[in-house]
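In: Predicted coordinates and the sequence they were generated for:
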Amino acid sequence: MRIAAFFSYGFESETFIRCRQNWAFYTQYHRDVDCYFFRETESTSDGSIQYIGQDYLVPMDEGILPSEKFSTYDSNAVWTSKETRRTLNKWTRALEYIISRDSNCWIIYCNITAFFSFGAIKSIIQRLRSYSIYAGWPHIYRPESLLYHSGSGIIFSPDVAKTLLMGMQSYAGEESADIVWGRILVNYPRTVLPFAQITAEDLKSSDDLYKFRIARELLEDGFYLFRIKNQSPERSRELIDPQVQLFLMIESLLLESSYDSKYIAATNEALDRFRRGEGVSIIG
């Protein structure tokens, strides 16, 4: 069983850059997972994806998908429709590149600012069936009651990844990629993973010591997908989120010797919680 993890980031936010450094630290302890970090570059002569330094550079054709001159993401954490189209195009090329190198690998997508425990993933994949797996943190797109998984972190079995790629290659809309993925994979069952959202506000306050303790307890209980997003306008996200992410990475590495069937129990609990309409576990 081979696992490939891919991430996409850019220079729109200092948060992305700092979280990329965290992943450089974490992934060195999981060299059996093929990790791909993709970001944009200007068009090259042959248009191919190139590996330079530690990243895979995806050339974007400005004539087909012109970029925004000045991204506003760092100030409001919202992508424009034009940026969304470019991201979907970049992710399509990234997925195509990974599958061309290994068409039978499991594929993980994770936001650069989130955390997905690789140790837990390897443990849980061994217990899942080998096909029709589209797993993650469930959301509902209300206008259509479309159940899809948040782009914070998703697992695709090899067959689902191939179906997804074919659908993405012909998609021409401007919706966010995770909703698009849900549309393309509408006929596949949704597998729910143990997930939590952390909205840490200020690492210096006593309340944040409590948040870290709860985060550690969630890791010990089998949670392994965390969305980390400080949304307070008064505090600096680029200082807070990377520190929370690094804390989770280190704690996860310390716990890896104890991975066992508790992740199955945590998965079942997460599914039951979602069915009861209780939503995510939120720290913050």
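Out: In hand now; what should we look at? Just so it is clear, the structure is predicted and the values come from calculations on it, not from any experiment.

In: Can you check which helix is longest in the protein?
Out: helix 81-101 (DSSP state H).

In: Can you list the buried residues in stretch 165-179?
Out: Within stretch 165-179, the residues that qualify as buried are 165, 167, 168, 171, 175, 176, 177, 178, 179, counting by 16 or more other Cβ atoms under 10 Å. For the C-beta atoms, the positions are set from N, CA and C on the backbone; glycine is no exception.

In: Can you name the element that comes right after the longest helix of the chain?
Out: strand 106-110 (DSSP states H and E).

In: Name the surrounding residues that touch the helix or strand just after that following strand.
Out: Once strand 106-110 ends, the next helix or strand along the chain (criterion: DSSP H and E) is strand 115-116. Residues outside strand 115-116 that contact it (Cβ atoms under 8 Å, 6 or more residues apart in numbering) are 5, 108, 110, 153, 224, 225, 226, 228, 245, 248, 249, 252.

In: got those residues as CSV, with neighbour count columns?
Out: Putting the contacts of strand 115-116 into CSV (neighbours: other Cβ atoms under 10 Å) gives the following:
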residue, neighbour count
5, 24
108, 23
110, 23
153, 25
224, 28
225, 27
226, 27
228, 28
245, 24
248, 27
249, 20
252, 23
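
In: Tell me who's in contact with residue 155.
Out: Residue 155 neighbours (Cβ under 8 Å, 6+ apart): 106, 107, 108, 121, 125, 133, 134, 135, 136, 191, 193.

In: Which of the helices or strands spans the closest residue to residue 189 other than its chain neighbours?
Out: Nearest residue to residue 189, sequence neighbours excluded (Cβ to Cβ, 6 or more residues apart in numbering): residue 132, at 6.5 Å. Assigned by DSSP H and E, residue 132 belongs to no helix or strand.

In: Need the pLDDT of residue 132.
Out: On pLDDT, residue 132 comes in at 95.

In: Domain-wise, how is the protein divided?
Out: Using automatic domain parsing, the domains assigned to the chain come out as 3-192, 195-283.

In: Kindly report which one of those domains carries the lowest mean pLDDT.
Out: domain 195-283 (a mean of 71).

In: residues touching the spatially most central residue of the chain, list them.
Out: A centroid search over the chain (Cα atoms, centre = their mean) returns residue 110, at 1.8 Å, as the residue closest to the centre. Going by Cβ under 8 Å, 6+ apart, residue 110 touches 5, 6, 7, 116, 152, 153, 154.

In: just to revisit the earlier point, for the residue nearest to residue 189, what are phi and psi?
Out: Residue 132 adopts backbone torsions of phi 60, psi 30, taken as degrees, to the nearest 10.

In: Hmm, it is touching residue 157, no?
Out: Yes - counting by Cβ atoms under 8 Å, residue 132 touches residue 157, with 6.5 Å between them.

In: Show me which of those two is the more surrounded one.
Out: Under the criterion of other Cβ atoms under 10 Å, the comparison of residue 132 against residue 157 puts residue 157 first, with 23 against 15.
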